[in-house]
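Asker: need a structure here:
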Amino acid sequence: MGTTFVSVDGVHGFWMSDGVLELWLRLLSLHVEDPVQSGGEATRIRDQWLLASRGYFTGSVPHALGEAVASEVGKKLVVSSVRSLLCALTAAPPRMSADTLNLLGFSGCWTEDFETGRLIQVGNAFLDLIDGKVTGTAHKTDFMPGCT
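Answerer: Got it, this is the predicted structure:
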């Protein structure tokens, strides 16, 4: 399993395990506000995250977060989606079963349960990144959300 650098500006960000990032993006795509029109920004963001979360992109998951938050509309959609998912995760059981995760259409197979708190850590890191609070660069691996 590889790792992907997650950034909105190409400079500041953090590394994530591809499997954790793919799980996060799959769940996050389900929390994108339903689009008013087909082909709009919400549809584009959701489609990108669904593709990125399939499990095909070892070492370079195409999260396109920078593109998604480039416009004010996109930024609002992403932040709203993250907050919606965080709310759901806070109310969720402490672990998600591998059997349940395998229903989400990944190309691979989950063999172990996954701690919900790890995804909450990812969500908070995404919000900090979008808010410009993350100062790490690709040269640092001391903070990898969802890995601990």
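Asker: Check which helices and strands the longest helix seen in the chain sits against.
Answerer: If each helix of the chain is counted by residues according to DSSP state H, the longest one is helix 72-91. With contacts taken as 3 or more C-beta pairs under 8 Å, 6 or more residues apart in numbering; DSSP states H and E, helix 72-91 sits against helix 18-29, helix 41-52, helix 65-68, helix 116-130. (C-beta placed from N, C-alpha, C; glycine too.)
Asker: Report pLDDT for the closest residue to Phe114 other than its chain neighbours.
Answerer: With C-beta to C-beta, 6 or more residues apart in numbering as the criterion, Phe114 has its nearest non-adjacent residue at 4.8 Å, and that residue is Met96. pLDDT recorded at Met96 is 97.
Asker: try the one 4 residues further on
Answerer: Among the per-residue scores, Thr100 holds a pLDDT of 95.
Asker: which element is it on?
Answerer: For Thr100, the enclosing helix or strand under DSSP states H and E is helix 98-101.
Asker: and the residue of the chain most remote from its centre, what helix or strand is that in?
Answerer: Distance from the C-alpha centroid of the chain, by C-alpha atoms, centre = their mean, peaks at Gln37 (23.5 Å). Of the helices and strands defined by DSSP H and E, none includes Gln37.
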